[in-house]
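*Asks:* coords please:
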Amino acid sequence: MKLNYKRTICVGFAFFLICAFWQAYDTIIPKILTDRFGMSQTLSGVIMAADNVFALVLLPLFGIISDKCRSRLGRRTPFILVGTLLAVTAFISLSAVDAAQLSKLGEVSDINSAEARCIVYDSVGELEFDVSSDGEEKSVKLSELYTREEFAAIDALDADGKATDEYTDYVVVARRAYISQEITGKDPSTLIIFILVLLAVLLSMATFRTPAVAL
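*Replies:* Okay, here's the model as predicted:
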């Protein structure tokens, strides 16, 4: 049997797109949810698991629909083309929503600046929140651990260029608490839009995952 190079390349590109998308999705989306919207790791994990829940219903559904499709382009190709275009558009839209949220962060968008850390400290210094330190979960107040100046002076990186434990356990967590309380908590509209666009992305990907596998 002679290999159909054109068909093989097209099918391979569909799989490449699927793999590239999920790699980017699993890497970028959790950081946006926690760093931009101040979401906890637990809630972020729940949202990241949504694609698997949707897949239980949507993948078989679009597989059945594509089985019954009769078009000039075949049974699978229309779903791959439409699904790809919708997924790309929705994924680009996510970056636009992310940029809108970043603009709302204002002075705390760069947590490595002393001004940003002072703003965070003044807002959540007396707030008790959970941190993971030395493998243990505990509730702390920044004001009990640091003065305003000490918190602003915490080193972000050690001599090896890695994030210090203090920075990860306190600065990052405090910034997340500030964003959750002062920005997302007071105006969740951008988060709502982001989640809706995220659902559109997952729906678009589900449109052509099963047809691509079927090919």
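*Asks:* Do a quick rundown of the strands in the chain.
*Replies:* Along the chain, counting by DSSP state E, strands occupy 129-133, 136-140.
*Asks:* buried ones in the last one?
*Replies:* Of the residues in strand 136-140, those with enough neighbours to count as buried (16 or more other C-beta atoms under 10 Å) are V140. Heads up, the C-betas are built off the backbone N, CA and C, glycines and all.
*Asks:* who touches stretch 193-206?
*Replies:* The contact list for stretch 193-206, computed with C-beta atoms under 8 Å, 6 or more residues apart in numbering, reads 18, 21, 25, 29, 32, 37, 47, 50-51, 54-55, 58-59, 62, 83, 86-87, 89-91, 93-94, 97-98, 101.
*Asks:* Buried subset of those residues, written for ChimeraX?
*Replies:* Per 16+ other C-beta under 10 Å, the buried members of those correspond to this ChimeraX selection:
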select :18,21,25,29,32,37,47,51,54,58,59,62,83,86,87,90,91,93,94,97,98,101
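*Asks:* What about the contacts of stretch 193-206, which are in helices?
*Replies:* When DSSP state H is applied, these are split such that 18, 21, 25, 29, 47, 50-51, 54-55, 58-59, 62, 83, 86-87, 89-91, 93-94, 97-98, 101 fall in helices.
*Asks:* Who are the contact partners of the spatially most central residue of the chain?
*Replies:* Taking C-alpha atoms, centre = their mean, the centroid of the chain lies closest to I29, which sits 1.2 Å from it. Shown in contact with I29 (C-beta under 8 Å, 6+ apart): 47-48, 94, 198.
*Asks:* Closest one to A114 out of those residues, please.
*Replies:* Proximity of the contacts of I29 to A114 (C-beta to C-beta) peaks at L94, which lies at 31.4 Å.
*Asks:* which residue sits closest to the closest one, ignoring its sequence neighbours?
*Replies:* The shortest distance from L94 to any non-neighbouring residue, by C-beta to C-beta, 6 or more residues apart in numbering, is to V197 (5.4 Å).
*Asks:* can you count the residues close to that neighbour?
*Replies:* Neighbourhood size, V197 [other C-beta atoms under 10 Å]: 20.
*Asks:* And the one 3 residues further on, by the same measure?
*Replies:* Neighbourhood size, A200 [other C-beta under 10 Å]: 17.
*Asks:* That one and T207, how far apart?
*Replies:* Distance, A200 to T207, using C-beta to C-beta, to the nearest Å: 11 Å.
*Asks:* for Y167, same thing?
*Replies:* The gap separating Y167 from T207 is 42 Å, by C-beta to C-beta.
*Asks:* picking up where we left off before, tell me the pLDDT of the residue nearest to L94.
*Replies:* Looking at V197, its pLDDT is 93.
*Asks:* Then the one 5 residues further on?
*Replies:* You'll see L202 listed with a pLDDT of 85.
*Asks:* Which one of the contacts of I29 is nearest to R148?
*Replies:* Nearest to R148, judged by C-beta to C-beta, of the contacts of I29 is I47 at 33.8 Å.
*Asks:* Grab the nearest non-local neighbour of that closest one.
*Replies:* Spatial nearest neighbour of I47, excluding adjacent residues (C-beta to C-beta, 6+ apart): L33 at 6.3 Å.
*Asks:* my guess is the one you found meets V46, correct?
*Replies:* No. Checked against C-beta atoms under 8 Å, the pair L33 and V46 is beyond contact range at 10.1 Å.
*Asks:* I appreciate the help and will end here.
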